[in-house]
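**Q** Fold the following for me, if possible:
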Amino acid sequence: MDYLIAVTLFAISASATPGPNNLLLMSSGANFGVKKSLPLMCGICFGFALMLFLVGVGFGQIFQQFPELHFIIKCVGTVYLLYLAVLIARSGDIAETGTEAKPLTFLKGALFQWVNAKAWVVATGAIAAFTTLGAGYYSQNLTIAVTFFLVSFPSVGIWLLFGSALKQVLSSPTRRKLFNYFMATLLVLSVAPVFLEILAAI
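**A** Got it, this is the predicted structure:
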């Protein structure tokens, strides 16, 4: 029981703290509302739980043997996050763009985890901290993945609801534009440490 409580507390703290996933959900909630952003939220929750399980099964060992593969994924992820920041900054009303903007899909939310630097840190940290080599390793790994899956919905859902609550405040095109610029800036800042790490490695 103590083990499960520890894993749950770690999952809550890791899922609810600011990061690319929560910033995307908050921005999506503010721009599109809760209903249209639910596929993105489900994709994030499912995608991270699956990633966590696969990292525990063996991806971590693969990256230890081929560190250049991890570096490539990190570079691709950083570029993709910057691309998302641009999309968020350019989000506007239909009247401004002439076309209807759409929130990210379930699949994009799930695949995003593989290029999310925070997701990698949390996944590898969880496996390192809450598993022990032996007969129970895979059951522990599964327990961690399921716990994160269950905990992540309310943890990241808070950010989506908060973003949606801001929708009325952001009814003005000017306010919405400023909000999108602000969220894009936060997303870029969340990538900055990884970007500096990449530059140091080149």
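**Q** C-alpha from now on. contacts and neighbour counts both.
**A** Will do.
**Q** How far does stretch 43-62 stretch from one end to the other?
**A** Taking C-alpha to C-alpha, to the nearest Å, stretch 43-62 runs 25 Å from one end to the other.
**Q** mind checking how far that stretch is from the chain centre?
**A** A distance of 13 Å separates the centroid of the chain from that of stretch 43-62, by C-alpha atoms, centre = their mean, to the nearest Å.
**Q** how about it: buried residues?
**A** 43-56, 59-60 (16 or more other C-alpha atoms under 10 Å).
**Q** taking the residues you listed one by one, which sit in helices?
**A** 43-54, 60 (DSSP state H).
**Q** what's the closest of these to Lys108?
**A** Closest approach to Lys108 among those (C-alpha to C-alpha): Gly43, at 7.1 Å.
**Q** contacting residues for the closest one?
**A** If you count contacts by C-alpha atoms under 8 Å, 6 or more residues apart in numbering, Gly43 has them with 105-110.
**Q** same thing but 6 Å
**A** 106-107, 109-110 (C-alpha atoms under 6 Å, 6 or more residues apart in numbering).
**Q** could I get the ones in helices among the buried residues of stretch 43-62 as JSON lines with pLDDT and distance to Ser164?
**A** Listed next are these as JSON lines, based on pLDDT from 0 to 100; distance: C-alpha to C-alpha, whole Å:
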{"residue": "Gly43", "pLDDT": "96", "distance to Ser164": "18"}
{"residue": "Ile44", "pLDDT": "95", "distance to Ser164": "17"}
{"residue": "Cys45", "pLDDT": "95", "distance to Ser164": "18"}
{"residue": "Phe46", "pLDDT": "96", "distance to Ser164": "21"}
{"residue": "Gly47", "pLDDT": "94", "distance to Ser164": "22"}
{"residue": "Phe48", "pLDDT": "94", "distance to Ser164": "23"}
{"residue": "Ala49", "pLDDT": "95", "distance to Ser164": "25"}
{"residue": "Leu50", "pLDDT": "94", "distance to Ser164": "27"}
{"residue": "Met51", "pLDDT": "91", "distance to Ser164": "28"}
{"residue": "Leu52", "pLDDT": "91", "distance to Ser164": "28"}
{"residue": "Phe53", "pLDDT": "92", "distance to Ser164": "31"}
{"residue": "Leu54", "pLDDT": "89", "distance to Ser164": "32"}
{"residue": "Gly60", "pLDDT": "57", "distance to Ser164": "37"}
